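Asks: Provide a 3D model corresponding to the input given below.
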Amino acid sequence: MQTTLSTNTSTAWQSDHAGTVFVQAVGTFGSGTLTVEVQLEDGTTAQAIQDGSFTSGPVSKILEVPRHMPVRLTLSGSSGASIVTSLTKSK
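Replies: A predicted model of the protein is given here:
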C-alpha cells in the first residue's frame, strides 16, 4: 500500500504478511524519523521493530516482523516532511 506521510503521521495498520515486509520510502524527512511498528496483542500498544528506523531516504529494505501482527509506518519528530511510503508483504 502506498501512502504519503507528512508531519507526524502514521499509515494504516496492515496484517497481510507472512513474517516479512518490504519497506520503501522516498522524500523529504524534515529532520524526522520513519519507524516500522507492530501492534502488540493488547491492541493499543505500538512497538518499534529492530533495524526499522530511518532518518533519511531513499529506503528500500526487507524486515522480519512477527507473523500476522499488524504493522505500520510512523513518522515522528518532523517538520515540513513529505515522504511517499510503500509497505508490502515480501515474497
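Asks: what secondary structure does the most centrally placed residue in the chain sit in?
Replies: What sits nearest the mean C-alpha location of the chain, by C-alpha atoms, centre = their mean, is Leu73, with 2.2 Å. What DSSP: H, G, I helix; E, B strand; the rest coil gives for Leu73 is strand.
Asks: Now do the phi/psi pair for the residue nearest to it when sequence neighbours are not counted.
Replies: Distance criterion C-beta to C-beta, 6 or more residues apart in numbering; nearest residue to Leu73, sequence neighbours excluded, is Thr11 at 4.7 Å. The way it works is simple: take the backbone N, C-alpha and C, and place the C-beta from them, glycine included. Note on Thr11: backbone dihedrals following degrees, to the nearest 10 are phi -80, psi 170.
Asks: mind checking pLDDT for Thr11?
Replies: We have a pLDDT of 95 for Thr11.
Asks: and if you look at Pro66?
Replies: At Pro66, the model reports a pLDDT of 89.
Asks: Quick one: residues contacting it.
Replies: By C-beta atoms under 8 Å, 6 or more residues apart in numbering, the contact set of Pro66 is 19, 38.
Asks: which SSE is it in?
Replies: When elements are assigned from DSSP states H and E, Pro66 belongs to no helix and no strand.
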